[in-house]
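[1] What follows is a predicted protein model with its sequence.
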Amino acid sequence: MHATTSSSRPPIVVLCGSTRFWEQFAEATLYETAAGRIVLAPGCNLRQPHPLWATPEKADRVKRMLDTLHLRKIDLADDVLVVNPGGYIGDSTRREIEYARTLGKPIRYTHPADGSDRD
């Protein structure tokens, strides 16, 4: 069940998971939006080439910034949806889940989580 929110806005869900599942993020965004939720999700896929992260130095800087930004998205969200095809949860996602737990955020998963894989 979702956290109750003010009747003036729909619940906010943040999507967490590995960007290797970019297509599954798009699908989760579609379903969550159709269910009437505001969706916060990763906005960059560092696995795809782009000038913003074309060098190792740029990539490292952007990765650190995105990691912090995603925690702020978790702060804003009413609940978390972990996109984890095959039960995959890597180290970065595991840290995000733990952070969300410290805030008392409800956590859902797209697939049963076995926790055996890493990013």
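    Sure, I can see it.

[2] show me where pLDDT drops low in the chain?
    Within the chain, the segments meeting pLDDT under 70 span 1-6, 114-119.

[3] Find the centremost residue of it, please.
    residue 16 (1.9 Å; Cα atoms, centre = their mean).

[4] Now do the phi/psi pair for residue 81.
    phi -120, psi 120 (degrees, to the nearest 10).

[5] no wait, residue 15
    According to degrees, to the nearest 10, residue 15 has phi -90, psi 130.

[6] That one pairs with what?
    residue 81 (DSSP bridges).

[7] Run a quick neighbour tally on it.
    23 (other Cβ atoms under 10 Å). Where C-beta positions appear, they are placed from N, C-alpha and C, glycine not excepted.

[8] cool, residue 27 as well?
    When neighbours are counted by other Cβ under 10 Å, residue 27 registers 13.

[9] Is it located within a helix, as I assumed?
    Yes: assessed by DSSP: H, G, I helix; E, B strand; the rest coil, residue 27 belongs to a helix.

[10] Understood, closing this out.
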